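Trainee: show me how the following folds:
(chains A, B and C)
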Amino acid sequence: MNNEDIFAFGLGLDTRNSQDEVIEIMYTVFQVNPNEQVSEILTSITPQTPDHSIFFNLSEENQKTFISMLAEKNEIELQTTVSQLVNTNRPITVCVIKEDSPPLSVPEAFLKLHLLSSRLIRPHKINIDRIFGILRNIAWTNQGPIDLEDLAKRRLMARASGKHLSVDSVDKFPKMADYIVPSGIRIANSARVRLGAFLGEGTTIMHEGFVNFNAGTDGPAMIEGRISAGVMIGANSDLGGGCSTMGTLSGGGKEIISVGKNCLIGANAGIGIPLGDRCVIEAGLYVTAGTKLTTIDVNTNVNAQVKARELAGKDDLLFRRNSISGAVECLINSQSAEIQLNAELHNND
Amino acid sequence: MNNEDIFAFGLGLDTRNSQDEVIEIMYTVFQVNPNEQVSEILTSITPQTPDHSIFFNLSEENQKTFISMLAEKNEIELQTTVSQLVNTNRPITVCVIKEDSPPLSVPEAFLKLHLLSSRLIRPHKINIDRIFGILRNIAWTNQGPIDLEDLAKRRLMARASGKHLSVDSVDKFPKMADYIVPSGIRIANSARVRLGAFLGEGTTIMHEGFVNFNAGTDGPAMIEGRISAGVMIGANSDLGGGCSTMGTLSGGGKEIISVGKNCLIGANAGIGIPLGDRCVIEAGLYVTAGTKLTTIDVNTNVNAQVKARELAGKDDLLFRRNSISGAVECLINSQSAEIQLNAELHNND
Amino acid sequence: MNNEDIFAFGLGLDTRNSQDEVIEIMYTVFQVNPNEQVSEILTSITPQTPDHSIFFNLSEENQKTFISMLAEKNEIELQTTVSQLVNTNRPITVCVIKEDSPPLSVPEAFLKLHLLSSRLIRPHKINIDRIFGILRNIAWTNQGPIDLEDLAKRRLMARASGKHLSVDSVDKFPKMADYIVPSGIRIANSARVRLGAFLGEGTTIMHEGFVNFNAGTDGPAMIEGRISAGVMIGANSDLGGGCSTMGTLSGGGKEIISVGKNCLIGANAGIGIPLGDRCVIEAGLYVTAGTKLTTIDVNTNVNAQVKARELAGKDDLLFRRNSISGAVECLINSQSAEIQLNAELHNND
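Mentor: Below is the predicted model:
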């Protein structure tokens, strides 16, 4: 294998179904854009040059070779983490991605999701097109991932031996916290954060919060609402309980929703347009792209009627529904848009 | 036992509390309206004719008799599944329901919930009246179901042996996925789908989705909102994140809510009336039966004021709140009601 | 130690991290305001007089002394529960709180949360100021609580031994049901009720319900919405699916929200003011303190425009948004505010 163009690699332990197909993999060692000497070492243990990506079992011989080469090149940290993996005495799977194109295998897809959740790559900066077609729908259980074909048998076997097989989800994506817990975060109910979510330092995901893959927060952030696939939330923003951000996958069209810095989306509110910085959506108000609203410019006294999509990405807006007239209004350049996060709550030590 | 009138039967492994009462049962073999020869075999191993239903332990002798009779009658599939159960070497419980009347025992109630979740019977087509009074409130844990009386002791025993007893819920209904995962579905957080839910082929229940017992989808469907007890959702409909369907148990009166085909209920919206086909509820709008609204007929230009309940079950309606006037409006015969589900998302292989 | 002023004590089994620091504790024996003879016994086994609170390991010798002293003083129930704990043969941690001031240690904080969830003390009647600063952010897993520092290693160790480490949450508070399940309650998804919640007899927390610490219900209650930190719900009230109560921690200011008896907050609705008895919030309506609304007095025919905060705590109000005019209205002395809970659903046996 030519060592130029190694985009990313990972080493981990996989799960296979009864047909010996890889259905999942937990990486404990992974990097993006490895340096030249690591790339060379990887190349020397990779069985063939991949067009795009490759995954393979690391033979016991190559495990030793890999570790001694890392030691030789003084790659101490990598040597340590690889050694920990080797010491488990389990078969090790390696995935090498040469080129960041749509993932073609389960190990490649899982590696990319690991890179996102480890904050090595930001959402939208990595190609995960058609990942739904690559990932398998499997049962995530208290006994680990199980292929749906094998589930009924495993369930009966568990009962037969006096154990309980609890199926936590039947999905293509596992929960992030079973693989990666980045620093400085809290997740009150980890079932609601998918692997592939990107949670910035200082992010709290409360019980009603949700984060899809390829989506997340810059942090710090207090998230009690739903961050749909593709949506990013800026620093010091607060998503109120049960609030909604429209995703691109279902119902939200092609425009990517985002929320700027220092924003507040009220409880049970929602947005179908991107927000700039210091914006507020009143609790309970859903602003879709097509919502016609009355703008109120507090500086110029000029009012107008516009569709919400014309305000996409603008700063310092406050959206509310006038509780006397019923009209949706947008106050422009509002000072009230300043949001202070509660410092004590955000200390995620 | 007379073999006519066998409505359903099941064989499974039960859980008992410290008083040896059955508190739960997982069936691995069950049928509705068994054929004549299966009915005859069942009759021969049932200790007495039930008025209505009966459950009993299948003695080792009868296990052998049952299997050999099935072999004799060439009921190969049944013979296989019964044999798998017998091979666990655990006590086997059989439940035979002669007549579909309100369940009178825990095994009968659980069997009916299995029939629903296995798609053998549709919601509302089986009698589960007063099931709340029959099911016991128990702790569902990572060590299986535990009677509340026994919980504190079991918790201490677990710690004493260096283990952790995690109580996932304290409820009368378990989560469906611990018993049955029908084909072609995804459930992102299985804590939110109760045993007794009916999920049609091609249904995805996202993290914010919820399905109660005796409720569900015809499928395909993308469910990110709540399907209350008794509610059915038609094919190719989409329930947006956090949306609500009023149930009959709590607050929704006696009218059964349903949603037709090709409908979209927007995020954080809600309905208190049944919808026909191709209806849309705008994100964030809650339409109760008593909501007064202005109809706008795009074909005839005739407008009127009606209560939402007068539009119950009608097709091709779009409900929205006018964001200038604040009035709730209903557009009739709207072409915009056409919903396309995302095909890639709905491939639940 | 002087035995006057013992506010509370507990005995339990703790979890320590790899630095031998207590990160969590499950109490199985605890009391508020112990009687004089129990206080004396406690004093005699406590190593030093605490200013405020103290925790310590109960030596094997003191375990025997404690039990024999309890027997001598005829404290039979206490003797039994302490003996059960001693019989686990695990190290026992004792916490004694002399004075109800802000908690200073993990064992003290956990003891106070146990007192709340056991209904020994009501929310707001115990000092838990700055508890966020005392509790540690840890991983709550199917193998028990794990310090975040130790998590990656434990995860790899689990896989190496063919097991699965499932991380259920990364939070400062554990879920209540892993410690305490008070009588007469149901919790459909226990991930949504934090230790420190107070659930009155007859409370059902449905899948969409949520209860924070220092918050809860007097019971009976049907909770399908979110009870924020500090919020209490009166008897026979019903919180509809996905409804929101503003907390004091995030966005709700300093006023403590509460809900009186026989109230109904509709699905997807919300409140930012305290409610008196027999109040109703229409489904989908969010009433914040600043909401301007039109009052309609059905007795006097007098109408007025007020801010919602002026109606804080008043009885017999019905809040709705007029679906013709879009104005938020408040009907005063409305008879329609009477709510009947479904008796069958509320039988939590």
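Trainee: run through the helices of chain A in chain order.
Mentor: A:36-45, A:60-72, A:76-86, A:106-117, A:131-134, A:148-160 (DSSP state H).
Trainee: if you compare those, which one is most tucked away?
Mentor: helix A:106-117 (a mean of 27; mean count of other CB atoms under 10 Å in any protein chain shown). Quick note: C-beta positions are derived from backbone N, CA and C, even for glycine.
Trainee: in terms of secondary structure, what does that helix contact?
Mentor: Secondary-structure packing of helix A:106-117 (3 or more CB pairs under 8 Å, 6 or more residues apart in numbering or on different chains; DSSP states H and E): strand A:8-16, strand A:22-32, strand A:53-57, strand A:93-97, helix A:131-134, strand A:197-199.
Trainee: wouldn't A:Thr65 be in contact with A:Ile45 here?
Mentor: Yes - between A:Thr65 and A:Ile45 there is a contact under CB atoms under 8 Å: 6.3 Å.
Trainee: OK, contacts around the spatially closest residue to A:Ile25 that is not a sequence neighbour?
Mentor: Spatial nearest neighbour of A:Ile25, excluding adjacent residues (CB to CB, 6 or more residues apart in numbering or on different chains): A:Asp14 at 4.0 Å. With contact set as CB atoms under 8 Å, 6 or more residues apart in numbering or on different chains, A:Asp14 has these partners: A:Val22, A:Ile23, A:Glu24, A:Ile25, A:Met26, A:Pro91, A:Thr93, A:Pro107.
Trainee: filter these down to the buried ones and hand me the ChimeraX line.
Mentor: To isolate in ChimeraX the members of those that are buried, counting by 16 or more other CB atoms under 10 Å in any protein chain shown, one can use:
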select /A:22,23,24,25,26,93,107
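Trainee: can you put the contacts of A:Asp14 in CSV and add pLDDT?
Mentor: Below are the contacts of A:Asp14 laid out as CSV (pLDDT from 0 to 100):
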residue, pLDDT
A:Val22, 97
A:Ile23, 98
A:Glu24, 98
A:Ile25, 98
A:Met26, 98
A:Pro91, 97
A:Thr93, 98
A:Pro107, 98
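Trainee: format the contacts of A:Asp14 as CSV; extra columns: distance to C:His52.
Mentor: CSV is the format used below for the contacts of A:Asp14 (distance: CB to CB, whole Å):
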residue, distance to C:His52
A:Val22, 56
A:Ile23, 54
A:Glu24, 49
A:Ile25, 50
A:Met26, 45
A:Pro91, 55
A:Thr93, 54
A:Pro107, 55
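Trainee: ok, the contacts of A:Asp14 vs chain B, which is closest?
Mentor: Using CB to the nearest CB, A:Ile23 is the member of the contacts of A:Asp14 that sits closest to chain B, with 12.1 Å.
Trainee: which one of the residues in the stretch 201-349 of chain A is closest to chain C?
Mentor: Per CB to the nearest CB, A:Gly326 is where the stretch 201-349 of chain A lies closest to chain C, at 1.5 Å.
Trainee: would you mind measuring from that residue to A:Thr291?
Mentor: Look at A:Gly326 and A:Thr291: by CB to CB, to the nearest Å, they are 13 Å apart.
Trainee: more neighbours: the two, which one.
Mentor: Just comparing A:Gly326 and A:Thr291: by other CB atoms under 10 Å in any protein chain shown the higher neighbour count belongs to A:Thr291, 27 against 23.
Trainee: so what's that one closest to, chain neighbours aside?
Mentor: A:Ala308 is the one closest to A:Thr291 (CB to CB, 6+ apart), at 4.3 Å.
Trainee: wait, what's in contact with that neighbour?
Mentor: A:Gly272, A:Ile273, A:Val287, A:Thr288, A:Ala289, A:Gly290, A:Thr291, A:Lys292, A:Leu293, A:Phe319, A:Cys330.
Trainee: verify the stated contact: A:Leu58 with A:Thr65.
Mentor: No - look at A:Leu58 against A:Thr65 with CB under 8 Å: they stay out of range, at 9.4 Å.
Trainee: quick check: neighbours shared by these two?
Mentor: By CB under 8 Å, 6+ apart, the residues touching both A:Leu58 and A:Thr65 are A:Ile45.
Trainee: and A:Arg122, how many neighbours?
Mentor: 15.
Trainee: any idea how far A:Ser237 is from it?
Mentor: Counting by CB to CB - A:Arg122 and A:Ser237 are separated by 16 Å.
Trainee: now swap in A:Ile185 and tell me
Mentor: Shown here: A:Ile185 relative to A:Ser237, a distance of 15 Å by CB to CB.
Trainee: quick check: pLDDT value at the residue nearest to A:Ile25.
Mentor: We note a pLDDT of 97 for A:Asp14 in this prediction.
Trainee: find the closest residue to chain B in chain A.
Mentor: For chain A, CB to the nearest CB, closest residue to chain B: A:Gly326, 1.5 Å.
Trainee: check contacts around the residue lying closest to A:Ser117 once chain neighbours are set aside.
Mentor: Closest residue in space to A:Ser117, ignoring its immediate chain neighbours: A:Ile180 at 4.4 Å, by CB to CB, 6+ apart. Neighbouring residues of A:Ile180 by CB under 8 Å, 6+ apart: A:His114, A:Ser117, A:Ser118, A:Leu195.
Trainee: same question, A:Leu113
Mentor: A:Ile128, A:Phe173, A:Leu195, A:Gly196, A:Phe213.
Trainee: could I get the residues you listed as CSV with pLDDT and distance to B:Ser228?
Mentor: As requested, those are arranged in CSV below (pLDDT from 0 to 100; distance: CB to CB, whole Å):
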residue, pLDDT, distance to B:Ser228
A:Ile128, 96, 35
A:Phe173, 98, 27
A:Leu195, 98, 31
A:Gly196, 98, 31
A:Phe213, 97, 29
